[in-house]
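Enquirer: Quick one, what's the 3D model for this:
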Amino acid sequence: MVYCDTDGENADFALLCKNLDQTLDEIVGVKFQRSQYEQYNQRDSIHDVIVVYQDNVPVGCGSFKMYDEEHAELKRIFVEPSCQGVGLGSEIVRRLEAKAKIKGYQWCILETGELLQAASHVYQKLGYKVIPNYGQYVDMPESICMQRRI
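Expert: The predicted model follows:
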């Protein structure tokens, strides 16, 4: 696996985000149910991205953006189904945390959904704890927010 540091304009990141959205639509339901989240997942506000390649093919990604001075918000973490189950998602999160720490953040926060049990399990295994829903997710009961000190 090759890990590439890039930004939200990267074409392979855009492709993986499209695949992530399709996967979420399949798991969570029709686009209508997820439409309220789209405004919070725009790539133009994301500057710290990791894209993972296997044999020159993009197979995973993740990113973070500034939430506030102390908190980096993890966004758009995805691993293609053919590469799941081998710890790639965990490695992406660890690398994002390391980048965020170098930039001076003390915490990583994230939002996932109650139907995304596999993702929640990975985050909990990495030491993330459920917190009250923050920011735009306060009034979204199907959201699960988590944080971890880095």
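Enquirer: Pull the contacting residues for residue 78.
Expert: Each residue near residue 78 by CB atoms under 8 Å, 6 or more residues apart in numbering is listed here: 16-17, 19-20, 23, 60-62. Any C-beta I mention is one placed from the backbone N, CA and C, and that applies to glycine too.
Enquirer: could you flag which of these are buried?
Expert: Neighbour counting by 16 or more other CB atoms under 10 Å classes 16-17, 19-20, 60-62 among the contacts of residue 78 as buried.
Enquirer: re the thing from before, select, from the contacts of residue 78, the two members most distant in space.
Expert: Within the contacts of residue 78, 23 and 62 form the most distant pair, 14.4 Å apart (CB to CB).
Enquirer: which secondary structure elements does the longest helix anywhere in the chain contact?
Expert: Determined from DSSP state H, the single longest helix within the chain is helix 11-28. Applying 3 or more CB pairs under 8 Å, 6 or more residues apart in numbering; DSSP states H and E, we find helix 11-28 packed against helix 31-38, strand 48-54, strand 57-66, strand 71-79.
Enquirer: Can you lay out the ones you listed as a markdown table showing mean pLDDT and distance to residue 100?
Expert: Shown next, in a markdown table, are the helices and strands packed on helix 11-28 (pLDDT from 0 to 100; distance: least, CB to CB, whole Å):
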| stretch | mean pLDDT | distance to residue 100 |
| --- | --- | --- |
| helix 31-38 | 48 | 22 |
| strand 48-54 | 97 | 7 |
| strand 57-66 | 97 | 5 |
| strand 71-79 | 97 | 4 |
